[in-house]
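> okay, here's the prediction I keep looking at, along with the sequence it came from:
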Amino acid sequence: MKKAKKRVIPLFGLSMGVTLSILSLVVLIPLASLVIYTAQMDFGDFIQTITRERVLASFKVSFITAFIASLINAVMGVIIAWVLVRYQFLGKRIIDGMIELPFALPTAVAGMALTSLTTDNGLIGSFFDKFGIKIAYTQVGITIALIFIGIPFVVRSVQPILEKLDSSYEEAAGVLGSSRTRIFWKIIFPEIRPAVFTGFGLAFGRCLGEYGSVVFIAGNKPYETEITPLIIMSELQEFDYKSATAIALVMLAVSFLLLFVINLIQARNTKILKGG
């Protein structure tokens, strides 16, 4: 007769119940409320709401700037993680801790600081203004703000993988005459690729919904620099909850679809690396 398998965590049923309860309160119920409010609208009203010219323009601004910022974060995040893992230098711990700053800093404070730096009279903006380049109150400024709040997701996703990466394969490839570029793309990058996709997806999802750090630097010009979260806030201030939830539901669906696709890619890459 087989002995009952002991569970590592005692009272599994109670633990699972608490877990599902917390997830329901924090995630499922708020998301379900979006669907409930939106369901009160006719399908024609829903389509009319999300296809208004101003709403479509805000979608375009939000998606384009979020994608560009996340793409830059994917590249720069790998470089920063590489430097933090592979090199020893003075102030490394300080720089490593600064990566978490966008998480700790209130987004409104970050937005005001970036705006003051990038206006025509700011420290950075005044330099670029000499060449006729505007940063604040443009989509360039929005992208910079999104890069600031999204970079930690990529760095913290890639950094642990690089720390655990076995360097013997790199050394063997170097002995066999492979260049550093070839070693990176053929040995290192396949290992960190799932983490890069994960960091990109998390950064993109955060950038899509970012409000505090963007609303100041965007300038909020309709059809030009107005982001979707601002449209949602405007609808809420006018007590038009149905329109606000309809627009928010589109953002939620896109974010969920993106994360789902990235998780599929990550699972496939992990299976390939394990020889499946």
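Perfect, thanks for sending it. Numbers count the residues shown, from 1 in each chain.

> run through the stretch 1-150 of the chain and note the low-pLDDT ranges.
Scanning the stretch 1-150 of the chain for pLDDT under 70 picks out 1-12.

> for Gly132, grab the count of nearby residues.
When neighbours are defined as other CB atoms under 10 Å, Gly132 has 6 of them. Yep, even glycine has a C-beta here, placed from its N, CA and C like the rest.

> need the three-state assignment for it.
coil (DSSP: H, G, I helix; E, B strand; the rest coil).

> over to it: give its phi and psi.
When read as degrees, to the nearest 10, the backbone of Gly132 gives phi 80, psi 20.

> the one 3 residues further on too?
Summarising the backbone geometry of Ile135 under the convention degrees, to the nearest 10, its torsions are phi -110, psi -60.

> run through the strands of the stretch 151-276 of the chain in chain order.
Here the stretch 151-276 of the chain has no strands by DSSP state E, counting those that start in this stretch.

> show me the shaky parts of it.
Looking at the stretch 151-276 of the chain by pLDDT under 70, you get 269-270, 272-276.

> the helices in it, which residues?
168-175, 180-183, 189-209, 212-218, 228-237, 241-273 (DSSP state H, counting those that start in this stretch).

> in the fifth one, what counts as buried?
The reference is to helix 228-237. By 16 or more other CB atoms under 10 Å, the buried positions in helix 228-237 come out as 228-232, 234-235.

> ok, so of those, who is nearest Phe89?
Pro229 (38.5 Å; CB to CB).

> my read: Phe128 touches Ile135, true?
Yes. Phe128 is in contact with Ile135 according to CB atoms under 8 Å; the separation is 5.9 Å.

> please work out which of the helices of the stretch 151-276 of the chain is packed deepest.
The highest average neighbour count among the helices of the stretch 151-276 of the chain, using mean count of other CB atoms under 10 Å, belongs to helix 212-218 at a mean of 24.

> contacts for it next, please.
If you take CB atoms under 8 Å, 6 or more residues apart in numbering as the criterion, helix 212-218 is touched by 106-108, 110-112, 114-115, 118, 136-137, 141-142, 144-146, 148-149, 225-227, 229-230.

> grab the nearest non-local neighbour of Gly150.
Spatial nearest neighbour of Gly150, chain neighbours left out: Ala203 (3.5 Å); criterion: CB to CB, 6 or more residues apart in numbering.

> so who does the one you found touch?
69-70, 73-74, 77, 150-151, 153-154.

> distance of the nearest residue to Leu117 once chain neighbours are set aside from Leu101?
Spatial nearest neighbour of Leu117, chain neighbours left out: Ile124 (4.9 Å); criterion: CB to CB, 6+ apart. Going from Ile124 to Leu101 by CB to CB, to the nearest Å gives 18 Å.

> same deal with Pro222?
32 Å.

> cool, Phe46 as well?
40 Å.

> so the two - more neighbours on which side?
With neighbours defined as other CB under 10 Å, Phe46 and Leu101 compare such that Phe46 has more, 20 against 12.

> does the more buried one touch Ser243 like I think?
No. In this structure Phe46 lies outside contact range of Ser243 using CB under 8 Å: 9.3 Å.
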